[in-house]
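Visitor: Predicted model and sequence follow; I will ask about them next.
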Amino acid sequence: MILLRRADERGHANHGWLDSHHTFSFADFHDLQWMGFGPLRVINEDRVAAGGGFAPHRHANMEIISYVIEGALQHRDSIGNGSVMRPGDVQSMSAGSGIEHSEFNASKDEPVHFLQVWIQPNRINAAPTYAQQHYPVAARRGVLRLVASPDGADGSLPIRQDANVYASILAPGETVAHALDAGRRAWVQVVRGALLLNELSLVAGDGVGISDAAELALKAGTDCELLLFDLP
């Protein structure tokens, strides 16, 4: 089964300081046909203007991953963490029993562009945690680099769900493949560029959910960046 979500069909909200596209239902955008894909609940593509940001707010029982594409994102939270993330940085915040955080554009001049991902956890009310890791371009070039996983394998960020998240950067014509175990499904999100996924043409902002497939074949049509979610 293939579930195709084109970039221009996503929900959209523009608050001036924030321009956001929602792959799945989020905030004021509600579509019963797009409530998530398995435990994958939110993929928001956010652009925050210089000086803008999300004031302190609370989450509970959600695995939140931030993937910075351009610019600098400043994080602070109620368990004592503070950092500035730049392209190649990935953040995982397990909200658990409850955490308050803020995310602001760290620049006074340039926008910040990032993906915010929510994954439903497989256990609730655990202690909140935070982790951040840098994955340079060279580590993601021409491969599917594991960036989040249930056990923190291979230097990935630990999350409380049986899900593996991969990042990849491909040159034009370059290919990678991913095998899906029986009973697993995958979501591919194109971050930038053009991609062929099992001969399906995709562009930046497009997402595809796939189940009942043994292997995903990914070929870049242009310089391309993507995330792949291997999900229960």
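Guide: Arrived safely, thanks for sending.

Visitor: Quick check: which ranges of this structure have low pLDDT?
Guide: Applying pLDDT under 70 to the chain flags no residue at all.

Visitor: ok, how many other residues are close to the nearest residue to residue 100 once chain neighbours are set aside?
Guide: Spatial nearest neighbour of residue 100, excluding adjacent residues (C-beta to C-beta, 6 or more residues apart in numbering): residue 78 at 4.1 Å. Heads up, the C-betas are built off the backbone N, CA and C, glycines and all. Neighbour count of residue 78, defined by other C-beta atoms under 10 Å: 13.

Visitor: quick one: contacts for residue 78?
Guide: 56, 99, 100, 101 (C-beta atoms under 8 Å, 6 or more residues apart in numbering).

Visitor: Go again with 7 Å.
Guide: Contacts for residue 78 (C-beta atoms under 7 Å, 6 or more residues apart in numbering) come out as 99, 100, 101.

Visitor: dump the residue contacts of the first one.
Guide: By C-beta under 7 Å, 6+ apart, residue 99 lies in contact with 59, 77, 78, 79, 93, 128.

Visitor: same thing but 10 Å
Guide: 57-60, 62, 64, 77-79, 81, 93, 127-130 (C-beta atoms under 10 Å, 6 or more residues apart in numbering).

Visitor: which residues touch the closest residue to it other than its chain neighbours?
Guide: Closest residue to residue 99 apart from its sequence neighbours, by C-beta to C-beta, 6+ apart: residue 128 at 4.0 Å. Residues near residue 128 by C-beta under 10 Å, 6+ apart: 59-61, 77-79, 81, 93-101.

Visitor: Sort out which one of those residues lies nearest residue 167 for me.
Guide: Distance to residue 167 across the contacts of residue 128 (C-beta to C-beta) is lowest for residue 93, with 17.4 Å.

Visitor: For the residue positioned nearest the centre of the chain, grab phi and psi.
Guide: Closest residue to the average C-alpha location of the chain: residue 117 at 4.3 Å, with C-alpha atoms, centre = their mean. Residue 117 adopts backbone torsions of phi -120, psi 130, taken as degrees, to the nearest 10.
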